[in-house]
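K.L.:
Next come a sequence and a model predicted from it.
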Amino acid sequence: MNVMQLKHPDDPIFIAIERHRVAEKAMKDAMAAGVPDIFTSELAMKSWARLVDLVKTTPTTVAGCAALLRHIEAVEIEYEEAAIFGNCSDEVKLPALNLLSRIAATLEANA
């Protein structure tokens, strides 16, 4: 649980973000440990389901909006082939890598 989640306990986005983080970590830890594909595939499906839940959840606070932007950006960077504007030239792609964090910072500064 992070500080913003403590300040905004009623915003459902913080729970959705944490569930996705936990599912992603479980999948990555299993892959790193050499767990057989049949089990890592199941963990990957759980992570995907938590991501679906995440993008279906609407933040109810400015802090939640900022947290969601930062989390989505981290996921996009992790899976670079799916990154926002990933098919564009570096002129667009490179500034887009931290676009969501820049928007989040503006939200946080003006909250």
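P.N.:
Great, that's in hand. Keep in mind that what you see is a predicted model, and the values were worked out from it rather than measured.

K.L.:
ok, residue 9 to residue 64 distance?
P.N.:
Relative to residue 64, residue 9 is positioned 11 Å away (Cβ to Cβ, to the nearest Å). Where you see a C-beta, it was placed from the backbone N, CA and C, and this is true even at glycine.

K.L.:
gap between residue 48 and residue 79?
P.N.:
Residue 48 is 11 Å from residue 79, where distance means Cβ to Cβ.

K.L.:
Just give me the neighbour total for the residue nearest to residue 92 when sequence neighbours are not counted.
P.N.:
Leaving aside its chain neighbours, residue 92 sits nearest to residue 85 (5.1 Å; criterion: Cβ to Cβ, 6 or more residues apart in numbering). Residue 85 is flanked by 14 other residues according to other Cβ atoms under 10 Å.

K.L.:
coming back round to it: neighbour count for residue 9 and residue 64, which is higher?
P.N.:
Comparing residue 9 with residue 64 by other Cβ under 10 Å, the one with more neighbours is residue 64, at 23 against 9.

K.L.:
Make sure the more buried one is actually in contact with residue 11.
P.N.:
Yes: the pair residue 64 and residue 11 qualifies as a contact (Cβ atoms under 8 Å) at a distance of 3.9 Å.

K.L.:
Counting by contacts, list what whichever helix or strand residue 23 is part of packs against.
P.N.:
Taking DSSP states H and E as the definition, residue 23 sits inside helix 12-32. Secondary-structure packing of helix 12-32 (3 or more Cβ pairs under 8 Å, 6 or more residues apart in numbering; DSSP states H and E): helix 3-7, helix 37-56, helix 62-78.

K.L.:
now the last one, how far from the centre of its chain.
P.N.:
Computed by Cα atoms, centre = their mean, to the nearest Å, the separation of helix 62-78 from the middle of its chain amounts to 5 Å.

K.L.:
how about it: buried residues?
P.N.:
Residues of helix 62-78 classed as buried: 62-73, 75-76 (neighbour count, 16 or more other Cβ atoms under 10 Å).
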